[in-house]
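Peer 1: Predicted model follows, preceded by the sequence.
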Amino acid sequence: MTIDLANPDLYTTDARFEMWEEYIRSDAKVWSDPGISPSGFWSVFSHRDVSAVLSPKAPFTSEYGMMIGFDAEHADHSGGRMLVVSEGNWHSVLKRLIGPFLSRLRAPELRSVLHEEVREIVERLRSQETTDIALTVGPRLPAAIVCEVIGVPLSEREHLIQLTNHAFGGEESSFDKMTPAEAHTEILFYFHELIERRQKEPGTDLVSALLADGRLSTEDVLINCDNVLIGGNETTRHSITGAFHAFQAFPGALDTLRADPELADRAVEEVVRWTSPAAHVLRVATEDCEIGGQQIREGQAVVAWLAAANRDERLFAHPHRFVVDRAPNRHLGFGTGPHHCLGAALARLELKELLTQLAAEARAVEPREEVRWMRSNLVQGYSGLEVSMRWR
């Protein structure tokens with residue numbers, strides 16, 4: 001009997017870390033029979049095996065889809081058109097178009113937005129006795145930055161930020177009669193309207209750049225803006241929430257960072273490793289091949305568990321500890337290979353700004369309730385993290 005690693009209930013407690021640890025130590029390659037995933041899939045867990053699957057020269061493709069549920073016979077309809085599920089020349093075209101808007105080159109333009117948002121977050125935290133970080137803090141910063149990148153006008157930004165929070169796991173009272181799926185549909189309608197406006201009045205934003213290129217249809221622009229929105233929100237928000245969780249679980253970490261602010265860059269990398277919000281990515285074999293001694297047939301799906309690889313004790317001493325000054329830190333939190341996260345630079349900037357301010361102003365993060373994990377096999381994230389802040 002095989003275990004269905006697609007079962008989201010497996011990821012709602014810390015027991016998943018013990019499961020992954022056992023698989024890594026035994027160099028397991030686990031087959032999950034058809035179930036939640038229609039055709040079944042292989043899973044790999046160790047840093048070595050995950051890196052091998054995602055290597056540029058590996059005989060795997062993302063074009064059938066990049067998460068559990070897709071495979072050669074059940075392909076993502078966005079395959080070959082959207083950045084995360086495209087390969088070859090078209091993937092290169094999209095990277096060249098989208099990449100500059102998510103790179104450090106944009107940092108000077110975004111820094112004022114970033115600083116203002118972090119300032120508001122700290123002020124809100126100071127004004128509240130307890131705060132659910134997962135609902136009110138984690139989503140805020142990445143949503144604001146993504147709105148700036150895409151080109152959402154200031155007058156419309158708050159509405160889209162709230163819609164985004166609701167669509168991707170938050171709870172916005174303004175939309176309490178709308179399901180997350182309906183909120184996401186509203187976002188797509190909004191993008192369609194924004195695209196129509198930019199066709200008439202181009203700007204210096206991502207939507208305008210994609211339209212100006214001439215090679216993308218309106219729908220291509222739409223799905224790639226949606227890709228940027230989801231990528232920029234769904235992972236970074238949980239890293240931000242996870243930073244508070246780390247400072248709560250390891251109180252000395254905040255003291256260490258306060259004593260040596262130069263450790264901020266290392267702390268950012270450790271937050272990404274320890275939280276690993278992107279739990280997995282999926283690839284489909286383009287030919288018969290072998291991963292770590294396991295035969296994989298052409299057309300079979302292989303799931304690379306990034307969150308497991310980031311706790312491989314062969315690379316990370318005491319992998320379950322949050323170590324502010326961990327070095328080296330060859331984590332796979334942003335993936336690796338051709339599909340290394342394009343938004344990694346922005347995510348690092350967001351985290352660094354927040355960690356720097358917290359270290360300067362906060363004395364401690366104290367738990368008020370048990371951590372509540374999302375019920376998801378794709379995102380290792382938080383549905384609730386209630387804390388109280390102690391200030392200097």
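Peer 2: All right, it came through fine.
Peer 1: From here on, just use CA atoms for contacts and neighbour counts.
Peer 2: Will do.
Peer 1: what about the worst-scoring helix or strand of the chain on mean pLDDT, distance to the chain center?
Peer 2: Here the helix or strand of the chain ranked lowest by mean pLDDT, DSSP states H and E is helix 154-167, holding a mean of 81. Mean C-alpha position of helix 154-167 versus that of the full chain (C-alpha atoms, centre = their mean, to the nearest Å) differs by 19 Å.
Peer 1: any idea how far the helix or strand following that helix is from the chain center?
Peer 2: Next along the chain after helix 154-167, taking DSSP states H and E as the criterion, comes helix 180-200. Its chain's C-alpha centre lies 22 Å from the corresponding centre of helix 180-200 when counted by C-alpha atoms, centre = their mean.
Peer 1: for the helix or strand following helix 180-200, which positions count as buried?
Peer 2: With elements assigned by DSSP H and E, the helix or strand that comes after helix 180-200 is helix 206-213. Buried residues in helix 206-213, counted by 16 or more other C-alpha atoms under 10 Å: 206-211.
Peer 1: Next: stretch 241-249.
Peer 2: For stretch 241-249, the neighbour count (16+ other C-alpha under 10 Å) marks 241-248 as buried.
Peer 1: same question, stretch 321-337
Peer 2: Buried residues in stretch 321-337 (16+ other C-alpha under 10 Å): 322-325, 331-336.
Peer 1: Make TSV from these and add distance to Y23, pLDDT and secondary structure to it.
Peer 2: Shown next, in TSV, are these (distance: C-alpha to C-alpha, whole Å; pLDDT from 0 to 100; DSSP: H, G, I helix; E, B strand; the rest coil):
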residue	distance to Y23	pLDDT	secondary structure
F322	21	98	coil
V323	23	98	coil
V324	26	98	coil
D325	27	97	coil
H331	18	98	coil
L332	17	98	coil
G333	19	97	coil
F334	22	97	coil
G335	20	96	coil
T336	21	96	coil
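Peer 1: Quick check: of the residues you listed, which lies closest to E290?
Peer 2: E290 has its nearest neighbour among the buried residues of stretch 321-337 in T336, at 19.1 Å by C-alpha to C-alpha.
Peer 1: Pull the contacting residues for the residue lying closest to that closest one once chain neighbours are set aside.
Peer 2: Sequence neighbours aside, L54 is the residue nearest to T336 in space, at 6.2 Å (criterion: C-alpha to C-alpha, 6 or more residues apart in numbering). Taking C-alpha atoms under 8 Å, 6 or more residues apart in numbering as the criterion, L54 is in contact with 60, 304, 335-338.
Peer 1: Residue nearest the middle of this structure, spatially speaking?
Peer 2: Geometric centre of the chain, nearest residue: T235, 2.2 Å, by C-alpha atoms, centre = their mean.
Peer 1: wouldn't I195 be in contact with D205 here?
Peer 2: No: the pair I195 / D205 is not scored as a contact, 11.0 Å apart, by C-alpha atoms under 8 Å.
Peer 1: Please identify which of the two sits among more neighbours.
Peer 2: Between I195 and D205, I195 has the larger neighbour count (other C-alpha atoms under 10 Å), namely 22 against 16.
Peer 1: tell me the pLDDT at the nearest residue to that one once chain neighbours are set aside?
Peer 2: Among residues not flanking I195 along the chain, V207 sits closest, at 6.5 Å (C-alpha to C-alpha, 6+ apart). Confidence at V207, expressed as pLDDT, is 96.
Peer 1: that older thread, what's the overlap in contacts for I195 and D205?
Peer 2: By C-alpha under 8 Å, 6+ apart, no residue touches both I195 and D205.
Peer 1: and the gap between W391 and L315?
Peer 2: In this view, W391 and L315 are 35 Å apart by C-alpha to C-alpha, to the nearest Å.
Peer 1: if you count what's nearby, which of these two comes out ahead?
Peer 2: Between W391 and L315, L315 has the larger neighbour count (other C-alpha under 10 Å), namely 17 against 14.
Peer 1: Spell out the secondary structure type for that one.
Peer 2: With DSSP: H, G, I helix; E, B strand; the rest coil as the basis, the three-state label of L315 is coil.
Peer 1: what's the answer for W31, then?
Peer 2: strand.
Peer 1: Isn't it up against S37?
Peer 2: No: contact criterion C-alpha under 8 Å: W31 and S37 do not qualify, at 11.5 Å.
Peer 1: Need the buried residues of stretch 241-249 in TSV (columns: distance to M178).
Peer 2: What follows is those, written out as TSV (distance: C-alpha to C-alpha, whole Å):
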residue	distance to M178
T241	24
G242	27
A243	30
F244	29
H245	29
A246	32
F247	34
Q248	33
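Peer 1: need those in CSV with pLDDT and secondary structure, can you?
Peer 2: Below are these laid out as CSV (pLDDT from 0 to 100; DSSP: H, G, I helix; E, B strand; the rest coil):
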residue, pLDDT, secondary structure
T241, 96, helix
G242, 98, helix
A243, 98, helix
F244, 98, helix
H245, 98, helix
A246, 98, helix
F247, 98, helix
Q248, 97, helix
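Peer 1: these two touch, right, P180 and I187?
Peer 2: No: P180 is beyond contact range of I187, at 10.5 Å (criterion: C-alpha under 8 Å).
Peer 1: ok, now which ones touch the closest residue to T13 other than its chain neighbours?
Peer 2: Spatial nearest neighbour of T13, excluding adjacent residues (C-alpha to C-alpha, 6+ apart): W373 at 6.8 Å. W373 makes contact with 11-13, 380-384, according to C-alpha under 8 Å, 6+ apart.
Peer 1: quick one: which of those residues is most hemmed in?
Peer 2: In terms of neighbours by other C-alpha under 10 Å, the contacts of W373 top out with G381 at 29 neighbours.
Peer 1: ok, K352 - contacts?
Peer 2: Taking C-alpha under 8 Å, 6+ apart, we find K352 in contact with 264-265, 268.
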